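J.: Need coordinates for the following:
(2 chains)
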Amino acid sequence: MRALALGVIGLCSVLGLVGCSTSGTDAPEGSGALAEPGGPAAGTRDTDSEPTTLTVLAPASLTEAFTELATQYESLYPQVRIDLSFGSSTTLAQQVAEGVQADLFASAGTDALALLPERYARGGGETTIASNELEIAVELGNPRGITGLEDFTRTDLDTVLCVQTAPCGAAADEAFRAAGLTPTPVSREIDVKATLAKVSLGEADAALVYRSDVVTSTAVDGVTIPTEHNVSLTYPLVWFNAEPHTIGFVDLITGPDGRAALEAAGFAAP
Amino acid sequence: MMTDAAQSRQRDGVPAFRRRLAGSRAPLLTLATLGMALVVLPLLGLIARTDWPGLLTHLRAPVVWPAIRLSLITTLITLGLAMLLGTPLAWLLSRATGRLATWMRALLTVPVVLPPVVGGVALLLAYGRNGLVGAPVFDALGLRIPFTPLAVVLAQLFVSLPFYVLAVEGAMRSVDPRFDHVAATLGASPTRVFLRVGLPLAAPGIAAGAALAWARALGEFGATITFAGNLTGRTQTAPLAVYVALQSDPQAAIALSIAMLAVSIAVLGLLRGRWMG
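T.: From the prediction side, this is the model:
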């Protein structure tokens, strides 16, 4: 019975893989089909109670949404433990390239995907789960009266950006280029959470981060950036195998619960 | 006169004994080798993945030199301050008895065991714009400490000063207090006793402590990135540059790591040969 179920899942995943490698942005066919009555993970619920650990690497900006979804998944399937590792997308992709075993990898922006080794690039499937845009984080009540990107060129303000090699830093540089500005940050922080923390701790006056980071923080306010100077960012999700719970967690993220968690965390639909 | 049998027993007895000894040592040797391998393998990995012919080219990557320069300047200032402030502290602690000294030693151990990132947060809360010390300093002088080279030095001092003090204190405690008493009876002031008796006799310990503290300061990452930030040429020290370069230019990161490894080994080797041998 279990062998049959796994066989079906395996076959579907292969189909899903073919569907994905060409479509790229759509939800995977295989996992979509599996999510129907019973679903892959639901199907295994009765038969597969073996303890499983999923390793999920995700960008710092997905911390809240993925933590919540992982908790949801773990309470649905108590035998599954989801190890979440958050960090800069490029660092995480680098870790996979250096041999860190992972089941899922979500990335802020698509640049980091190029760093994944080839055996992983073709291993499972890929979809886009969310999009995000830049927003300025300021101290609560905006005491320094920050209005837009041009405030990042003021030397009487302490402003922070992400480091150029992190997606949020690359996006920031792109936004400043589009606006024809040269920012004068006091620091280029290692990832978006560290960048935001400098404002929420009151050590910097403004930080250029993602909208989702501003929405989920109770310690900062946001100043929006006009669309013509803004940079939007898509969030691809890559899975490296077709294990039932890998696909099950992908389905949760791409399904209505995932959508809701991502929207609550300030992300727009892809 | 020994019998033939006794002679042969003696002849064979030594190798047999050695064999037994080697056998009994096998578990120890296995564990020790494993322990050694855990330390050596990452270093071998670094060396194996280095693009040796292109090393000089990679070392010319724009992030490398400002980071090395900043690291050398800040760690030397840190070392100077650690020795200036830490040596008297170590001396007084080595001569102190009682509860206060015990508490001070315990406090000094905290940064040694504290995760450096936590140290960085603590530094922000102390010297930051809203910090315990930082807020009055900012209000009075307009001096904002985080994101400056001064913050880099403060972070390095926080993690390396305790190493220095604890190492030097150990060395000073082994200096016989009777020398102090003799010097004092000859009319030397406590400061003169420290300079003329404590310092020279504890010199090897001071050198060892300095090497440890400097190496710790050079490798400091977590407290620096949390407290001082990361800006090329200003607060981006060599370990921070390695971390950032790893994402964009791994060979530059490896080249910089090799350079740091070489400098560290050279300094430690020199000190060991000179003072610790």
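J.: OK, contacts around the residue of the stretch 1-150 of chain B found nearest chain A?
T.: Among all residues of the stretch 1-150 of chain B, B:Phe147 sits closest to chain A, at 3.9 Å; criterion: Cβ to the nearest Cβ. The way it works is simple: take the backbone N, C-alpha and C, and place the C-beta from them, glycine included. Contact analysis of B:Phe147 by Cβ atoms under 8 Å, 6 or more residues apart in numbering or on different chains lists A:158, A:186-187, A:203, B:228-229, B:231, B:234-235.
J.: As TSV, those with pLDDT, distance to B:Ala67 and secondary structure would be great.
T.: Formatted as TSV, those follow (pLDDT from 0 to 100; distance: Cβ to Cβ, whole Å; DSSP: H, G, I helix; E, B strand; the rest coil):
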residue	pLDDT	distance to B:Ala67	secondary structure
A:Asp158	95	22	coil
A:Val186	96	17	coil
A:Ser187	96	15	strand
A:Glu203	93	22	coil
B:Ala228	95	13	coil
B:Gly229	94	14	coil
B:Leu231	94	11	coil
B:Arg234	94	11	coil
B:Thr235	95	10	coil
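J.: Taking those residues, tell me the two that lie furthest apart.
T.: A:Glu203 and B:Arg234 (15.4 Å; Cβ to Cβ).
J.: Pick out whichever of these two has more residues nearby.
T.: A:Glu203 (26 against 17; other Cβ atoms under 10 Å in any protein chain shown).
J.: does the more buried one really touch A:Asp158, like I thought?
T.: Yes. With contact defined as Cβ atoms under 8 Å, A:Glu203 counts as touching A:Asp158 (7.2 Å).
J.: between these two, what contacts are shared?
T.: In contact with both A:Glu203 and A:Asp158: B:129, B:147, using Cβ under 8 Å, 6+ apart.
J.: Closest residue of the stretch 101-250 of chain A to chain B?
T.: A:Ser187 (2.7 Å).
J.: Up against chain B, what does the stretch 1-150 of chain A have?
T.: Neighbours of chain B within the stretch 1-150 of chain A, by Cβ under 8 Å from any Cβ of the partner chain: A:88, A:90-91, A:94.
J.: Filter these down to just the ones in helices.
T.: A:90-91, A:94 (DSSP state H).
J.: Give me the contact list for stretch B:36-45.
T.: B:Leu261.
J.: Give the rounded mean pLDDT of that stretch.
T.: Across stretch B:36-45, pLDDT averages out at 94.
J.: Alpha carbons of it, as CSV, please.
T.: Provided in CSV are the C-alpha atoms of stretch B:36-45 (Å, rounded to 0.1, in the frame of the first residue of the first chain):
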residue,chain,number,x,y,z
MET,B,36,43.8,16.6,15.4
ALA,B,37,42.0,15.8,12.1
LEU,B,38,39.1,18.0,13.1
VAL,B,39,41.4,20.9,13.5
VAL,B,40,43.6,20.2,10.5
LEU,B,41,41.1,19.2,7.8
PRO,B,42,39.4,22.6,7.4
LEU,B,43,42.8,24.2,7.1
LEU,B,44,43.8,21.6,4.4
GLY,B,45,40.5,22.3,2.7
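J.: Now for residue 257: which residues touch it?
T.: In the absence of a named chain, chain A is used. Neighbours of A:Asp257 in contact, by Cβ under 8 Å, 6+ apart: A:69, A:72.
J.: sorry, should have said chain B
T.: B:46, B:242.
J.: which element is it on?
T.: Using DSSP states H and E, B:Ser257 sits in helix B:250-271.
J.: Mind listing what's buried along that helix?
T.: B:250-260, B:263, B:268, B:271 (16 or more other Cβ atoms under 10 Å in any protein chain shown).
J.: What is the neighbour count of whatever residue of the stretch 1-150 of chain A ends up closest to chain B?
T.: Residue of the stretch 1-150 of chain A nearest chain B, by Cβ to the nearest Cβ: A:Thr90 (4.1 Å). Residues lying near A:Thr90 (other Cβ under 10 Å) number 27.
J.: before we move on, what about A:Thr147?
T.: 11.
J.: Just say helix, strand or coil for it.
T.: Judged by DSSP: H, G, I helix; E, B strand; the rest coil, the three-state class of A:Thr147 is coil.
J.: near chain A, which residues of chain B?
T.: B:124, B:128-130, B:144, B:146-147, B:225-226, B:228-232, B:235, B:243-244, B:246-248, B:250.
J.: mind checking pLDDT for the residue of the stretch 1-150 of chain B closest to chain A?
T.: If you check B:Phe147, the pLDDT there is 94.
J.: Can you check my assumption that it lies in a helix?
T.: No. Counting by three-state DSSP, B:Phe147 falls outside a helix, being coil.
J.: Apart from its neighbours in sequence, what residue is nearest it?
T.: Closest residue to B:Phe147 apart from its sequence neighbours, by Cβ to Cβ, 6 or more residues apart in numbering or on different chains: A:Val186 at 3.9 Å.
J.: residues contacting the closest residue to chain A within chain B?
T.: In chain B, the residue that lies nearest chain A is B:Gly229 (2.7 Å; Cβ to the nearest Cβ). Contact analysis of B:Gly229 by Cβ under 8 Å, 6+ apart lists A:160, A:186-189, A:198, B:146-147, B:151, B:235.
J.: ok, so of these, who is nearest A:Phe249?
T.: A:Glu189 (29.6 Å).
J.: partner residues bridging that closest one?
T.: Following DSSP bridges, A:Glu189 is listed with bridge partners A:Cys162.
J.: Check whether it really touches B:Phe227, as I assumed.
T.: No. Contact between A:Glu189 and B:Phe227 fails when scored by Cβ under 8 Å: they sit 11.8 Å apart.
J.: What is the burial count for A:Glu64?
T.: Applying other Cβ under 10 Å, we find 19 residues neighbouring A:Glu64.
J.: now it: how far from A:Glu133?
T.: Here A:Glu64 is placed at a distance of 17 Å from A:Glu133 (Cβ to Cβ, to the nearest Å).
J.: How about B:Ile254?
T.: Separation of B:Ile254 from A:Glu133 (Cβ to Cβ): 35 Å.
J.: before we move on, what about A:Leu104?
T.: 24 Å.
J.: In terms of neighbours, single out the busier of those two.
T.: Neighbours were counted for A:Leu104 and for A:Glu133 using other Cβ under 10 Å; A:Leu104 has more, 22 against 19.
J.: Not counting residues beside it along the chain, what's closest to that one?
T.: A:Leu104's closest residue in space is A:Val56 (Cβ to Cβ, 6+ apart), at 4.5 Å.
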